[in-house]
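Novice: pasted the sequence and its predicted model underneath.
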Amino acid sequence: MRLILAPMEGVVDHTMRELLTSLGGIDRCVTEFVRVSEGLLPPRVFYRLCPELRQGGNTASGVPVYLQLLGGQPTLLAENAGRAAELGAPGIDLNFGCPAKTVNKSDGGSIILRQPERVAAITAAVRDAVPHHIPVTVKTRLGYEHPELFLDIVRGIAEAGASEIIVHARTKRQGYRPPAHWEEISRARETVNVPIIANGEIWSAEDAMRCQQVSNCEDLMLGRGALCRPDLPRLVRAARAAQSVPALAWAEVLPLILDYYRLTLANYDACYAGNPIKQWLVYLRTYYPQAALLFNLIKRLRDAEDIHQALRREMLAQGLVLDAA
Ligand SMILES: Cc1cc2nc3c(=O)[nH]c(=O)nc-3n(C[C@H](O)[C@H](O)[C@H](O)COP(=O)(O)O)c2cc1C
């Protein structure tokens, strides 16, 4: 079984990838999407979304980070994929799942799923432009309005030479509304030989086991669930090996939040410095009630030092030792 951390624009940036991969259990990450709408992008755009390119395309824990491209023009995407490969991306992923109106209006993301032949043409062009040893993967939904074209989409991607297909088991119209239709993925498994990775609504180790069974896929991609429970990959691995490991306690999560805060400080203007941890606490509070309390304490704080102090007070309240920083 392989577990892949889902790309999440504005949430899973390199800092979050660093933190989550340091906890173990993740085999691969994917960057937030690089939007390709005109021309060859300068290297700085790739480095900004994927600073890991400066360290061999891996997180500090040695987990490869595939670079995700989004767009609708085969030649442009191919050129930019070639550049990403030159800069050292260990793999290229193509985004055909994004439901955002602004993205779809500019001819990128899930809107392309209305035309399976375009999905195939883009995949083929990118595959051709990238050296053979670098995998090209495709992330798709079940379709745009409805899943009727799903098998055509998957067949086209496979024939275009993709290395793997990641399926978020919902149509664009279904957005992020539960359930995810894992059973649809099993139809794709019967249709093509390319490895398929199942994605959508995996919040616990039990969900992961059920998803494997229903989708008939060994490999899984974890998104929001891994933000709510940073040890989810480890828990899934343990469940797969029929072992039981204790879940991460709040007192173990808190130092991670403080570390994350310190790491993100460097990337934001002082008055927005609290935004990334506030956002993460919103995810964490679905599993840790203490995260909801902490969120309420800091949600109106703007000053970086005030936020820092609030986090340190929470650490002390949990009986945790503070380092000097
Ligand atoms: C805030 C947010 C941002 C996302 N950004 C991306 C993205 O940049 N590229 C992409 O392919 N999918 C993106 N997704 C979709 C996720 O990768 C994933 O397919 C989806 O959340 C379903 O998986 P989950 O139920 O495990 O979260 C995003 C999802 C969310 C909630």
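Specialist: In hand now; what should we look at?

Novice: I'd say residue 232 and residue 223 touch.
Specialist: No: applying C-beta atoms under 8 Å as the test, residue 232 and residue 223 come out as separate, 10.1 Å apart. No exception for glycine: its C-beta is placed from N, CA and C like everyone else's.

Novice: overlap of the contact sets of those two?
Specialist: Common contact partners of residue 232 and residue 223 (C-beta atoms under 8 Å, 6 or more residues apart in numbering): residue 202.

Novice: who's more crowded, these two?
Specialist: Of the pair residue 232 and residue 223, residue 232 is the one with more neighbours under other C-beta atoms under 10 Å, namely 29 against 21.

Novice: got the contact list for the more buried one?
Specialist: Contacts of residue 232 (C-beta under 8 Å, 6+ apart): 25, 202-205, 222, 225-226.

Novice: got phi/psi on whichever residue of the stretch 101-250 of the chain sits closest to the ligand?
Specialist: Residue nearest to the ligand within the stretch 101-250 of the chain: residue 223 (2.6 Å; C-beta to the nearest ligand atom). For residue 223, the backbone dihedrals (degrees, to the nearest 10) come out as phi -110, psi -100.

Novice: what is the burial count for the residue nearest to it when sequence neighbours are not counted?
Specialist: Counting by C-beta to C-beta, 6 or more residues apart in numbering, residue 223 lies nearest to residue 6, which is 3.4 Å off, once chain neighbours are set aside. By other C-beta under 10 Å, the residues close to residue 6 number 24.

Novice: equivalent analysis for residue 82, please.
Specialist: Residue 82, neighbours per other C-beta under 10 Å, totals 18.

Novice: sec struct for it, please.
Specialist: Judged by DSSP: H, G, I helix; E, B strand; the rest coil, the three-state class of residue 82 is helix.

Novice: check residue 165 too.
Specialist: Recorded secondary structure, residue 165: strand (three-state DSSP).

Novice: how about it, what does it touch?
Specialist: By C-beta under 8 Å, 6+ apart, the neighbours of residue 165 are 137-140, 154, 157-158, 188, 192, 194-197.

Novice: show me the beta-bridge partners of it.
Specialist: Note on residue 165: beta-bridge partners residue 138, residue 196, judged by DSSP bridges.

Novice: buried sites along the one helix or strand in the chain whose mean pLDDT sits lowest?
Specialist: The helix or strand with the lowest mean pLDDT-type score in the chain, counting by mean pLDDT, DSSP states H and E, is helix 101-105 (a mean of 75). Of the residues in helix 101-105, 103-104 count as buried by neighbour count, 16 or more other C-beta atoms under 10 Å.

Novice: please renumber the chain so that the first residue is 55 from this point on.
Specialist: Sure, I'll start numbering at 55, so the last one becomes helix 155-159.

Novice: immediately after it, which helix or strand?
Specialist: helix 170-183 (DSSP states H and E).

Novice: and that following helix, what does it pack against?
Specialist: helix 128-140, strand 146-150, strand 190-194, helix 204-213 (3 or more C-beta pairs under 8 Å, 6 or more residues apart in numbering; DSSP states H and E).

Novice: just the CA trace of that helix, in CSV.
Specialist: What follows is helix 170-183, C-alpha atoms only, in CSV (Å, rounded to 0.1, in the frame of the first residue of the first chain):
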residue,chain,number,x,y,z
PRO,A,170,-12.2,13.2,-22.5
GLU,A,171,-10.2,13.6,-25.8
ARG,A,172,-8.7,16.8,-24.4
VAL,A,173,-7.7,15.2,-21.2
ALA,A,174,-6.0,12.5,-23.2
ALA,A,175,-4.3,15.0,-25.6
ILE,A,176,-2.9,17.0,-22.7
THR,A,177,-1.6,13.9,-20.9
ALA,A,178,0.0,12.6,-24.1
ALA,A,179,1.7,16.0,-24.8
VAL,A,180,3.1,16.2,-21.3
ARG,A,181,4.2,12.5,-21.3
ASP,A,182,6.1,13.2,-24.5
ALA,A,183,7.8,16.3,-23.1
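
Novice: right, is it up against the ligand?
Specialist: No: residues of helix 170-183 contacting the ligand under C-beta under 6 Å from any ligand atom: none, with a closest distance of 13.7 Å.

Novice: now the angle from that helix to helix 128-140?
Specialist: Helix 170-183 and helix 128-140 are oriented at 40 degrees to each other (axes from the mean of the first three to the mean of the last three C-alpha atoms, to 10 degrees).

Novice: so for helix 170-183, what's the average pLDDT?
Specialist: The predicted model assigns helix 170-183 a mean pLDDT of 98.

Novice: can you state the direction angle for it and helix 204-213?
Specialist: Using the same axes, to 10 degrees: helix 170-183 against helix 204-213 is 20 degrees.

Novice: what pLDDT does the residue nearest to residue 309 when sequence neighbours are not counted get?
Specialist: Excluding its sequence neighbours, the residue lying closest to residue 309 (C-beta to C-beta, 6+ apart) is residue 374, at 6.6 Å. As predicted, residue 374 sits at a pLDDT of 82.

Novice: what is the burial count for residue 374?
Specialist: If we define neighbours as other C-beta under 10 Å, then residue 374 has 14 of them.
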